[in-house]
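# Attaching a predicted model along with its sequence, questions to come.
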Amino acid sequence: MIRNIGKLSDKEYDLVVIGGGIFGACAAWDAVLRGLKVALIEKDDFCQATSANHFKMIHGGMRYLQHLDIKRVRESSRERSVLLKTAPHLATPLPILMPTYGHGMRGKEILKTGLFLYELMTFDRNKGVKDPARQIPRSSFLSKEEILKEYPGLDKKNLTGGVVFYDGQIYNPPRLVLSYIRAAVKEGLEAANYVEAINYIISGNRVQGVVARDTLSGDKFEIRSKVVLNASGPWAHKLNKSILQKYSGHLPSFSRDLVIVVPKKLSEKYAFAHVVKTRDNDAVFDRGGRHIFIVPWRQYSLIGVWHQVFDRNPEEITVKDEELQNFLNEINNIYNKVDLTVNDVSMVNTGLILFGMQKNQNGNSKHSFGKRSMLIDHYSEDNLEGLFTLIGVRATVARQDAQDLLDIILKRLAQKIKSSKTAVTPIYGGNIDNFEEYVRKADSETQFSLNSDILRSLIHNYGSEYLEVLSYAKEDSSLGEEIDGRGILKAEVTHAVREEMAFKLQDVIFRRTELGTGENPGQEALNICSQLMGNELQWSREKISNEVNEVLDIFSRRGPWRVSQ
């Protein structure tokens, strides 16, 4: 991946994608596989916002059974399978335990019926998934004694046992987005981070590209294209409002979703789901409220999701101590043994997803959680050709939304519609048939004396391309050293700069490596990384200090309650 700004302005593309999150990345990947000339630009770093900060779950659609939304059940299950096939290093099944109480809507009988129907609807959930460890098992049931062994702090009143069902989990969301982009670059995509679209190029009633600004240099330039896709999520309407008189009709509403990170595993074996007070007003079969999940992830636990209607600029996302404590209180109420306080939180992850409000018969508003992504064809809506907007609602369905959109774009370009290949084509690092066998073979054949956990982490993050990282350590043995005992090699930093467009320290700490994805790795780790990057990018001492302070500022906003020293 080489950032070549001059190349972006010297030809006309079939498609320019604005936004380097999961939806923009999937759209670019699909487009290049269908033979289009594509450019992708992102005003910050790739996968900097919601796509990096979500719950890391791949939803298989079971929640939609409560809504009797069979289409979404089928779609979610299919897309979960696609990720398990095409990104086996980054996607794994996730067992989820749910306690059962009494014999009503929260009882074992109702859940057993629901799971039977769900598994009937998703009978093909493992189609094409070769790796047995990546296949989604059938649900199972636990006795009262078995569930209390796993979660001894549960309320025992009317507890009858529990059920175990499966969803999926993403090992590292920023690496997933980067893997889509890297795969697309290999097929001809021209991508650049830190390039902001500041206006559209318009002739008559047709959009013919974008006016862009290199945020690293300040230079402005034009990118010409036949079609523009605005996939910048909660930032999309800001650019669109500048040219569309009627855009107020498309203004979306968002929820600021909150997930907290706790630096310990509350369970080694299962994620945990429990009903809370927040209602799901769209549910046809209501079990008493929405669910909060406690999910093991690497060496951490993720707890979420806490929703709040958000009507300000995306940059203004904040989390107050009082709000965080209220969330923790709700968690402690359903599982008192955990007894969490704000001092137990190492990081908060926030992002904006599509949300809505509905009026009931009394005129009062009620929450309506996002259902489907917003896809706007501005020719149909605004008589403006060559412009589409895609605001995604769930990372799980990003590939499918991109496929549907590309079908429309190809029709508009009057090109023969080639079938999408993204459901069967492995992304960067995804050429692995059996993950555990691959790790064992790599461990036995490696020429480096690597800790087995570090090697496993490398293969999770870079998949079948992990030797690309180790090649730097082969050239320079010092790059094979671990960074301050954090399980990350110095070679990953060098690789991020030379191969993956890392221009800022935060790019490496939060998105290219695992270093800052769960907590502050400490001053020494930041110093080592900044010096490595400084050597590559010829940073001055002042620049190195500024980069470290910028990362510390991000940690102070995302995790002021617990900062590692």
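Everything's here; your move.
# following the least confident helix or strand in the chain by mean pLDDT, which helix or strand shows up next?
Using mean pLDDT, DSSP states H and E, strand 365-369 stands out as the lowest-scoring helix or strand of the chain, at a mean of 52. Downstream of strand 365-369, the next assigned helix or strand under DSSP states H and E is strand 374-377.
# Residue 477: neighbour count?
9 (other Cβ atoms under 10 Å). From N, CA and C alone the C-beta is placed, and that goes for glycine too.
# what do you get for residue 251?
Using other Cβ under 10 Å, residue 251 is surrounded by 9 other residues.
# Then residue 528?
21.
# dump the residue contacts of it.
Going by Cβ atoms under 8 Å, 6 or more residues apart in numbering, residue 528 touches 483-484, 490.
# Pull out the buried positions in the host helix or strand of it.
If you go by DSSP H and E, residue 528 is part of helix 523-537. Buried residues in helix 523-537, counted by 16 or more other Cβ atoms under 10 Å: 525-526, 528-530, 532-534.
# Mind putting the residues you listed into TSV with pLDDT?
Listed next are these as TSV, based on pLDDT from 0 to 100:
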residue	pLDDT
525	97
526	98
528	98
529	98
530	98
532	98
533	98
534	98
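# for residue 444, helix, strand, or coil?
helix (DSSP: H, G, I helix; E, B strand; the rest coil).
# where's it relative to residue 470, distance?
15 Å (Cβ to Cβ, to the nearest Å).
# For the stretch 251-400 of the chain, which segments are assigned as strands?
Ranges of strands within the stretch 251-400 of the chain are 253-262, 271-275, 291-297, 300-306, 309-310, 347-359, 365-369, 374-377, 387-391, based on DSSP state E, counting those that start in this stretch.
# should've said the stretch 1-150 of the chain
Under DSSP E, counting those that start in this stretch, the stretch 1-150 of the chain gives strands at 12-18, 38-42, 57-58, 91-101, 140-142.
# and of those, who's closest to residue 510?
Taking Cβ to Cβ, strand 38-42 is the member of the strands of the stretch 1-150 of the chain nearest to residue 510, at 14.4 Å.
# So what's the gap between that closest one and the chain middle?
Distance of strand 38-42 from its chain centroid, counting by Cα atoms, centre = their mean, to the nearest Å, is 19 Å.
# likewise stretch 180-195?
18 Å.
# ok, residue 31 - how many residues close by?
Residue 31: 30 neighbours (other Cβ under 10 Å).
# got it, and residue 164?
Other residues near residue 164 come to 21 when the count uses other Cβ under 10 Å.
# just checking, what packs against the helix or strand harbouring it?
For residue 164, the element it lies in under DSSP H and E is strand 159-170. Helices and strands touching strand 159-170, by 3 or more Cβ pairs under 8 Å, 6 or more residues apart in numbering; DSSP states H and E, are strand 57-58, helix 70-86, strand 91-101, helix 108-121, strand 140-142, helix 144-150.
# buried ones in it?
160-170.
# That one pairs with which strands, parallel or anti?
Here strand 159-170 has these sheet partners by DSSP bridges: strand 57-58 (antiparallel), strand 91-101 (antiparallel), strand 140-142 (antiparallel).
# Quick one: closest of the ones you listed to residue 478.
strand 91-101 (32.9 Å).
# Return the closest one as CSV; C-alpha atoms alone will do.
Extracted in CSV, the C-alpha atoms of strand 91-101 (Å, rounded to 0.1, in the frame of the first residue of the first chain):
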residue,chain,number,x,y,z
ALA,A,91,-13.4,-14.4,12.5
THR,A,92,-14.3,-17.2,14.9
PRO,A,93,-17.5,-18.7,16.4
LEU,A,94,-18.5,-17.2,19.8
PRO,A,95,-20.5,-19.3,22.3
ILE,A,96,-23.0,-17.3,24.3
LEU,A,97,-24.6,-18.4,27.5
MET,A,98,-28.1,-17.1,28.4
PRO,A,99,-29.8,-18.0,31.7
THR,A,100,-33.4,-19.1,31.8
TYR,A,101,-35.9,-18.2,34.4
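# got the contact list for residue 492?
458, 461, 469, 508, 512-513.
# sorry, back to before: need the next SSE after the helix holding residue 528, C-terminal direction.
helix 541-558.
# could you give me the average pLDDT of that next one?
Helix 541-558 shows an average pLDDT of 95 in the prediction.
# Return the distance of the strand holding residue 164 from the chain's centre.
22 Å.
# Please export the C-alpha coordinates of that strand as PDB.
Below are the C-alpha coordinates for strand 159-170, written out as PDB (Å, rounded to 0.1, in the frame of the first residue of the first chain):
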ATOM      1  CA  LEU A 159     -33.300 -19.800  37.700                       C
ATOM      2  CA  THR A 160     -33.900 -23.000  35.700                       C
ATOM      3  CA  GLY A 161     -30.600 -23.300  33.800                       C
ATOM      4  CA  GLY A 162     -29.400 -21.800  30.600                       C
ATOM      5  CA  VAL A 163     -28.900 -22.200  26.900                       C
ATOM      6  CA  VAL A 164     -25.800 -21.900  24.800                       C
ATOM      7  CA  PHE A 165     -26.000 -20.500  21.200                       C
ATOM      8  CA  TYR A 166     -23.400 -19.200  18.800                       C
ATOM      9  CA  ASP A 167     -22.600 -16.000  17.100                       C
ATOM     10  CA  GLY A 168     -19.200 -14.900  15.700                       C
ATOM     11  CA  GLN A 169     -16.400 -12.600  16.900                       C
ATOM     12  CA  ILE A 170     -13.900 -10.400  15.100                       C
END
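# what is the orientation angle of it with strand 291-297?
With axes from the mean of the first three to the mean of the last three Cα atoms, to 10 degrees applied, the angle from strand 159-170 to strand 291-297 works out at 60 degrees.
# For residue 140, list each beta-bridge partner.
As for beta bridges, residue 140 partners with residue 164 under DSSP bridges.
# just checking, it touches residue 161?
No - counting by Cβ atoms under 8 Å, residue 140 stays clear of residue 161, with 10.8 Å between them.
# low-scoring stretches of the chain, by residue?
245-250, 277-289, 356-371, 560-565 (pLDDT under 70).
# Spell out which residues make up each domain of it.
With domains defined by automatic domain parsing, the chain comprises 5-50+174-250+372-412, 55-171+252-369, 435-558.
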